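Chemist: Okay, predicted coordinates and the sequence, questions at the end:
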Amino acid sequence: MVDFVFWEGWMQSFPDASGLFDGNEEKRSDHRHFLVYLDGIHQSEESHPPRVQEFLNCLESEIANDSLLVKGIEAYTITDVGLRAASYSRWFWQWLFSLQEHHPNKFVQFVCAFCIQANNVIKVGISSDRRYGPVMNYELALKIARRLEQLNFHPSHASRVVLVGYSGGAEMAIGTAEMLQKLCCSPVQVITICGVFSGNAALESIQDVAMVVGSKDPVAAFGRLAYPGRLSLLPLTNWNRWQRSHCLHRYLINHMSHNGSSGPFSVAFRQKVVAAICRELERSLVSSSAS
């Protein structure tokens, strides 16, 4: 609820971003590459489901030693607290989570889970909206920047920030990329996994965007129809203008679907997705060094 009262002016104006990272110059992190994972619409709190956590553990073990994987960011709240701790609606979400986790009736559990995901779907829609999206995307970018600040990130030492977005998290990643780049004063790269995104966001200053896609993913395929801004029939959209001046890299994984036993976090495809992400990280690093 606190995310929605923001639009009505019940909260104070934009948080002040000046002074970010000022205190990290002396204690800056040894890491140069920061990978920030943004989960899909199933996310309900900072902790990730077991299958996603296993995927992240696998990714963490494969990335270079000078890279840090940032987990646990709630992509669908604009404040630093999760739904359970939101000041205006804590009671509602705690009640809903309790029913989802402990109610003996499976149908009630399903309805509660659906309500949580519906909240996240609304946030994806807001992020893609040309009128209200920039406000929410700025808030999320600032939230990510503050997490990086806690990890002793400093622009003078960091080479890049990589946003890794799964499903609806891809929209949140693309929507915040350019704003995050300005806040962090460091290049930002985007990698989507089975991404569902509009392509409405401004991407002019973003050099690298890559997509890890499954050949049997109906959800991501439907996203292209739901968001016509990605269709080649509309050449003046932000997404198509970006593609005319940049190279979009696609990593196709045969037989992979959107979720479940054949999704990117399954045992069957987890390692292939991690390998694709690592290939893209290496490719973009070599490309930036050459330029």
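Modeler: Received it, and whenever you're ready, just let me know what you need.

Chemist: what pLDDT, on average, does the strand or helix carrying Ala173 get?
Modeler: Element membership for Ala173, per DSSP states H and E: helix 169-184. On average, the pLDDT along helix 169-184 is 94.

Chemist: Next SSE downstream of it?
Modeler: strand 188-193.

Chemist: Can you name the residues in contact with that following strand?
Modeler: 160-167, 170, 173-174, 177-178, 180-181, 206-212, 264, 273, 277, 280-281, 284 (C-beta atoms under 8 Å, 6 or more residues apart in numbering). Every residue, glycine included, has its C-beta placed from N, CA and C.

Chemist: do that again at 6 Å, thanks
Modeler: The set of residues external to strand 188-193 that reach it, using C-beta atoms under 6 Å, 6 or more residues apart in numbering, is 160-166, 170, 173-174, 177, 180-181, 208-212, 264, 277, 280, 284.

Chemist: cool, and stretch 142-155?
Modeler: With C-beta under 6 Å, 6+ apart as the criterion, stretch 142-155 contacts 17, 20-21, 24-25, 27-29, 36, 180, 183-186.

Chemist: Do a quick rundown of the strands in the chain.
Modeler: 33-38, 67-73, 160-166, 188-193, 209-214, 249-253 (DSSP state E).

Chemist: Dig out what the spatially closest residue to Ile277 that is not a sequence neighbour forms beta bridges with.
Modeler: Nearest-residue entry for Ile277: Ile191, 5.8 Å, with adjacent residues in sequence omitted and distances by C-beta to C-beta, 6 or more residues apart in numbering. Counting by DSSP bridges, Ile191 is bridged to Val164, Ala210.

Chemist: re the thing from before, between the contacts of stretch 142-155, which sits nearest Leu234?
Modeler: Checking the contacts of stretch 142-155 against Leu234 by C-beta to C-beta gives Leu180 as the nearest, at 26.0 Å.

Chemist: Can you give me the neighbour number for that closest one?
Modeler: Neighbours of Leu180 under the rule other C-beta atoms under 10 Å: 26.

Chemist: How about Phe222?
Modeler: Based on other C-beta under 10 Å, the number of other residues close to Phe222 is 12.

Chemist: Going forward, the N-terminal residue is numbered 555.
Modeler: With the count now opening at 555, the last piece we talked about shows up as Phe776.
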